[in-house]
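*Asks:* predicted model and sequence below, questions to follow.
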Protein chains: 2
Amino acid sequence: MKYCFGVDVGGTTVKLGLFTVEGELLDKWEIKTYTENEGERILPDVTKAIKEKIAEKKLAADEICGIGVGVPAPVDKNGAIERAANVGWKAKEIKKELEELTGYPCVIGNDANVAALGEMWKGAGEGEKDLIMVTLGTGVGGGIIIDGHPVVGAHGAGGEIGHITVRNDETETCGCGRKGCLEQYASATGLVRLTKRYFEKNAKNSILNKKEITAKEVFDAAKAGDEAALEITEEFGAYLGQALVNLAATVDPAVFVIGGGVSKAGDILLDIVRKYFYDHAFYGNQKTKILLATLGNDAGIYGAAKQVL
Amino acid sequence: MKYCFGVDVGGTTVKLGLFTVEGELLDKWEIKTYTENEGERILPDVTKAIKEKIAEKKLAADEICGIGVGVPAPVDKNGAIERAANVGWKAKEIKKELEELTGYPCVIGNDANVAALGEMWKGAGEGEKDLIMVTLGTGVGGGIIIDGHPVVGAHGAGGEIGHITVRNDETETCGCGRKGCLEQYASATGLVRLTKRYFEKNAKNSILNKKEITAKEVFDAAKAGDEAALEITEEFGAYLGQALVNLAATVDPAVFVIGGGVSKAGDILLDIVRKYFYDHAFYGNQKTKILLATLGNDAGIYGAAKQVL
């Protein structure tokens, strides 16, 4: 057994990777995700892409230990899902179908958990077995790994870090229907919301005080020393930091890995969150590390592949 | 293999239980904990107590599969501790020492994790594999079980539920040195504190408006319909409920088990916490159960014994 495949199924593209069992990425490519007709083409398309790659690289069947897949849905212990709205799937036995199509053993996982597994295997958390990945994108996602295994949860809702309550007096409603979720403050849209709120209360002179802004602009302004931006990002860091403090007291990871589009802000984000965390964390968690993700969009294919090893 | 022992080491007494491997408690008893000289007598005393029981019951050595122990300290993967202040121990290789003394395989765990394991095996969580036990006593303790195994954490601080932050504007300091920990509101002392605070702000006529009160009196007054007591216990329930909401979004247990002295308040406590929880929990956690612990002080010996099976 020398090789394995990692497949990351998203709403726009399916990312694929060919790996050695040691975790070296030999080749990666993408195919379009056809979501039409309840996503019926997706698994056949993945099968075709993998078979073509096997032929191209002249790999023997007995050299391939399996195919790992990450999907945007909770996954049960049989590798089945109830639905994955982003890709059109309704109830689907993904593991069973893909094994029949490909002839190789398949392991299926939730995409957020799989990305966390990827960062544990070959990313910022390499060498660790207890890790929490927090993905700051349009929303806030999470993956919790304990002793090398993702925490799926009794109802598939493990690692729903974006829906930890961090504020009790919030008046606006989160996408989940509740109020005060981490996602309302620490996502890209959350940071923009914090910025708009800031200027409703403060008539400060700032490059951010305009109609349309992006999360990137807020961090760029903070890096440039804009006073309002520094206060806004500090507030952002306090909400995220509070969530990390509580996660640490709960599952005590060795490392937090921060990924997603917002994390491209880099060291300034890390500095703000670390300051809050170490000032507020329980003494038993003071050795917990907080790092930026290093695999970017490849975390999914790495983690997917890791599942079959 | 027919039998195993469960040992729960506390600061005042060591509780012992003889179990069948199916989990029937055949006999239980206690010995005094001698904490003098760094607790040097404790393990020899436990050994003597077990050997006497084996002789009394005429058990054969090959019928006994081992001895499980719960201790009031974080325990590393070798069954060793750095210190356990309550019982006088400094750094101690408990597993190694007790195996040498008794000649039986020993498994050592943290007492809070072990109690959670007991409630999972034969208590309120029987049949479940994902469970969080919250112990409301003088402080607030916790044990998290995922897929049948306690979450120890990378630094032994897993399940420190009492030190989840539930309030950002607290002015008084928790025993851990931080502010706003769950323990400051949901422990017996926390409930008394909430009560005193309530009467500082409200000049209500209540049987609780007096100098010395206990947590039991607060719940008794609430059961009797005392208006102030109902408001105070509602506040208590909101803090505890918020912590459970966030724990559910993080590890998504099948069941929360509430134990400890404060939980003797019974159904009224359960009603208050459940109301808050189901009103506020993420939709993926709406099937999570909240139950009262059923094993009482025996949870420790049950869970200790379960470790060796």
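*Replies:* Perfect, thanks for sending it.

*Asks:* could you use CA atoms for every contact and neighbour count after this?
*Replies:* Noted.

*Asks:* so what touches stretch A:143-155?
*Replies:* Contact partners of stretch A:143-155, identified using Cα atoms under 8 Å, 6 or more residues apart in numbering or on different chains, comprise A:74, A:112-117, A:128-134, A:158-161, A:253, B:130, B:146, B:151, B:153, B:251-254, B:284-285, B:287.

*Asks:* switch to 7 Å and redo it
*Replies:* Contacts to stretch A:143-155, defined as Cα atoms under 7 Å, 6 or more residues apart in numbering or on different chains, come from residues A:112-113, A:116, A:129-134, A:158-159, B:130, B:251-254, B:284-285.

*Asks:* distance of A:V152 from A:A115?
*Replies:* Separation of A:V152 from A:A115 (Cα to Cα, to the nearest Å): 13 Å.

*Asks:* that older thread, which ones among the contacts of stretch A:143-155 are found in helices?
*Replies:* Among the contacts of stretch A:143-155, DSSP state H puts A:112-113, A:116, B:251 in helices.

*Asks:* the nearest residue to A:V262 once chain neighbours are set aside pairs with what?
*Replies:* Nearest residue to A:V262, sequence neighbours excluded (Cα to Cα, 6 or more residues apart in numbering or on different chains): A:L136, at 5.4 Å. For A:L136, the beta-bridge partners under DSSP bridges are A:V140.

*Asks:* got the contact list for A:L136?
*Replies:* By Cα under 7 Å, 6+ apart, the residues touching A:L136 are A:186-188, A:259-263.

*Asks:* show me the two of the ones in helices among the contacts of stretch A:143-155 that sit farthest apart.
*Replies:* Using Cα to Cα, the pair of these lying farthest apart is A:A116 and B:V251, separated by 14.8 Å.

*Asks:* the residue in the stretch 1-150 of chain A that chain B sits nearest to: neighbour count?
*Replies:* Distance from chain B to each residue of the stretch 1-150 of chain A (Cα to the nearest Cα) is smallest for A:D130, at 6.3 Å. The burial count assigned to A:D130 is 23, neighbours taken as other Cα atoms under 10 Å in any protein chain shown.

*Asks:* pretty sure A:A299 sits against A:E119.
*Replies:* Yes - in terms of Cα atoms under 7 Å, A:A299 counts as a neighbour of A:E119; the distance is 6.0 Å.

*Asks:* more crowded one of the two?
*Replies:* A:E119 (30 against 26).

*Asks:* who touches the closest residue to that one other than its chain neighbours in this structure?
*Replies:* Leaving aside its sequence neighbours, A:E119 sits nearest to A:G125 (Cα to Cα, 6+ apart; 5.5 Å). The neighbourhood of A:G125, defined by Cα under 7 Å, 6+ apart, consists of A:119, A:131, A:255.

*Asks:* same thing with A:K179?
*Replies:* So A:K179 contacts A:170-173 (Cα under 7 Å, 6+ apart).

*Asks:* looking at the residues you listed, which one is closest to B:D45?
*Replies:* A:E170 (56.1 Å).

*Asks:* tell me the SS of that closest one?
*Replies:* Assigned by DSSP: H, G, I helix; E, B strand; the rest coil, the conformation of A:E170 is coil.

*Asks:* burial count for it?
*Replies:* Around A:E170 there are 14 residues (other Cα under 10 Å).

*Asks:* from A:D8, how far out is it?
*Replies:* For A:E170, the distance to A:D8 (Cα to Cα) stands at 35 Å.

*Asks:* equivalent analysis for A:P105, please.
*Replies:* A:P105 is 16 Å from A:D8, by Cα to Cα.

*Asks:* more crowded one of the two?
*Replies:* A:D8 (29 against 16).

*Asks:* give the bridge partners for the more buried one, please.
*Replies:* A:K15, A:G70.

*Asks:* surely it is in contact with A:K28?
*Replies:* No - the pair A:D8 / A:K28 is not scored as a contact, 11.1 Å apart, by Cα under 7 Å.

*Asks:* identify the contacts common to the two.
*Replies:* Here A:D8 and A:K28 have A:L16 as joint contacts, going by Cα under 7 Å, 6+ apart.

*Asks:* could you pick out the residues of chain A near chain B for me?
*Replies:* Within reach of chain B by Cα under 7 Å from any Cα of the partner chain, chain A has these residues: A:130, A:151, A:153-155, A:157-161, A:163-165, A:178, A:246, A:249-254, A:280, A:282, A:284-285.

*Asks:* quick one on the thing from earlier: closest one of the contacts of A:L136 to B:E227?
*Replies:* Of the contacts of A:L136, the one sitting nearest to B:E227 (Cα to Cα) turns out to be A:A186, at 39.5 Å.

*Asks:* that closest one and A:G241 touch, don't they?
*Replies:* No - A:A186 is not in contact with A:G241 according to Cα under 7 Å; the separation is 9.8 Å.

*Asks:* find the residues that touch each one of these two.
*Replies:* Counting by Cα under 7 Å, 6+ apart, nothing touches both A:A186 and A:G241.

*Asks:* residue ranges of the helices in chain A, please?
*Replies:* Listed in chain order, the helices of chain A (DSSP H) span residues A:36-39, A:42-56, A:94-102, A:111-122, A:183-186, A:188-201, A:215-223, A:227-251, A:267-280, A:299-306.

*Asks:* just these: most buried one?
*Replies:* Ranked by mean neighbour count, the helices of chain A are led by helix A:299-306 with a mean of 32 (mean count of other Cα atoms under 10 Å in any protein chain shown).

*Asks:* and the residue nearest to A:N86 when sequence neighbours are not counted, how many neighbours?
*Replies:* Distances taken as Cα to Cα, 6+ apart place A:G11 nearest to A:N86, at 5.1 Å, with adjacent residues excluded. Residues near A:G11, counting by other Cα under 10 Å, number 17.

*Asks:* just to revisit the earlier point, my guess is the residue of the stretch 1-150 of chain A closest to chain B meets A:A254, correct?
*Replies:* Yes - A:D130 is within contact range of A:A254, at 5.5 Å (criterion: Cα under 7 Å).

*Asks:* list the contacts for A:L230?
*Replies:* A:A222.

*Asks:* for chain B, see how far away it is.
*Replies:* A:L230 is 21 Å from chain B, where distance means Cα to the nearest Cα, to the nearest Å.

*Asks:* pLDDT score for that residue?
*Replies:* Per-residue pLDDT puts A:L230 at 97.

*Asks:* can you check A:G156 too?
*Replies:* 87.

*Asks:* same check, this time on the one 5 residues further on
*Replies:* In this prediction, A:I161 carries a pLDDT score of 94.

*Asks:* do the same with the one 4 residues further on
*Replies:* According to the model's per-residue confidence, A:T165 sits at a pLDDT of 93.

*Asks:* my guess is A:K289 meets A:D252, correct?
*Replies:* No - if you go by Cα under 7 Å, A:K289 and A:D252 don't touch, sitting 10.7 Å apart.

*Asks:* more crowded one of the two?
*Replies:* Neighbour comparison, A:K289 and A:D252: the larger count goes to A:D252, with 31 against 16 (by other Cα under 10 Å).

*Asks:* got a list of what the more buried one touches?
*Replies:* A:D252 neighbours (Cα under 7 Å, 6+ apart): A:285, B:153-155, B:157-158.

*Asks:* ok, 8 Å please
*Replies:* A:130, A:285, A:288, B:152-159.

*Asks:* can you get me a residue count around A:A84?
*Replies:* Using other Cα under 10 Å, the number of residues around A:A84 comes to 20.

*Asks:* same deal with the one 4 residues further on?
*Replies:* Neighbouring residues of A:G88 were enumerated by other Cα under 10 Å; the total is 17.

*Asks:* that one is in contact with A:T33, isn't it?
*Replies:* No - applying Cα atoms under 8 Å, one finds A:G88 not in contact with A:T33, separated by 9.8 Å.

*Asks:* right, and A:D226 touches A:S206 too?
*Replies:* Yes - using Cα under 8 Å, A:D226 is in contact with A:S206, at 6.6 Å.

*Asks:* more crowded one of the two?
*Replies:* A:D226 (17 against 13).

*Asks:* check the gap between the more buried one and chain B for me.
*Replies:* Separation of A:D226 from chain B (Cα to the nearest Cα): 27 Å.
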